[in-house]
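Engineer: A predicted structure for the sequence below; I have some questions about it.
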Amino acid sequence: MKKVIILSLAGILAAGLVGCDRDPMSEKGFSLPDGDPVAGREAFLYMQCHQCHTIAGVELPVIPMAEPPFVELGGAVTRVKTYGELVTAIINPSHKLADGYPKDLVSVDGVSKMYVYNDFMTVQELIDIVMYLQPQYDLIVPEFYYRQYP
């Protein structure tokens, strides 16, 4: 009887230890505090993100002598832009390049043309910008029509 209890406890302990072996690069447990969308708009303009980005349905000030913006943010999408995707797009813009745009407009040799603000942007500005951008996306569920056979 003692052997069964000891073996059972050893099995439970082994199963528990397997659960502790997490990938050190896992995003589990990562959470940023809530941001302020009004401050996010101010940070978006202050960082001059609108030099290269427009936001669907939002009027942004024109930057004198700047080329026209290349990448539109927000608008109708068929997939949710998660908080993590927006954070990653800002702090690691080469992780995934913008879809639907000619590669030469958004990258050079596969590296995003977007300026990396990591040494200049505060964490608060980052979360505020994300809180400003996320509601700008409008999730559209695509309609599917299935042919019915007689």
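Structural biologist: Everything's here; your move.

Engineer: Quick check: which element contains the closest residue to F70 other than its chain neighbours?
Structural biologist: In space, and not counting its chain neighbours, F70 is closest to L105: 4.9 Å by C-beta to C-beta, 6 or more residues apart in numbering. Backbone N, C-alpha and C define where each C-beta goes, glycine included. If you go by DSSP states H and E, L105 is part of helix 103-106.

Engineer: next helix or strand past that helix?
Structural biologist: strand 107-108.

Engineer: what about stretch 34-54, start to end distance?
Structural biologist: Distance between the two ends of stretch 34-54: 24 Å, counting by C-alpha to C-alpha, to the nearest Å.

Engineer: Next: stretch 61-73.
Structural biologist: Per C-alpha to C-alpha, stretch 61-73 runs 15 Å from first to last residue.

Engineer: and that stretch, which residues are buried?
Structural biologist: Within stretch 61-73, the residues scored as buried using 16 or more other C-beta atoms under 10 Å are 69-71, 73.

Engineer: Okay, and which of the residues you listed map to helices?
Structural biologist: Among the buried residues of stretch 61-73, no residue falls in helices (DSSP state H).

Engineer: Tell me which of these fall in strands.
Structural biologist: Among the buried residues of stretch 61-73, DSSP state E puts 71, 73 in strands.

Engineer: TSV for the buried residues of stretch 61-73, including pLDDT and distance to V123?
Structural biologist: Listed next are the buried residues of stretch 61-73 as TSV, based on pLDDT from 0 to 100; distance: C-beta to C-beta, whole Å:
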residue	pLDDT	distance to V123
P69	70	26
F70	77	27
V71	89	23
L73	93	20
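
Engineer: related to what we said a few turns ago, go ahead and produce CSV holding the CA coordinates of the helix holding L105.
Structural biologist: The C-alpha coordinates for helix 103-106 follow below in CSV (Å, rounded to 0.1, in the frame of the first residue of the first chain):
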residue,chain,number,x,y,z
LYS,A,103,7.2,45.5,-50.3
ASP,A,104,9.4,48.4,-51.4
LEU,A,105,7.1,50.9,-49.7
VAL,A,106,7.1,49.2,-46.3
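
Engineer: Which stretches in the chain count as helices?
Structural biologist: Counting by DSSP H, the helices of the chain are 2-20, 37-46, 83-91, 103-106, 123-133.
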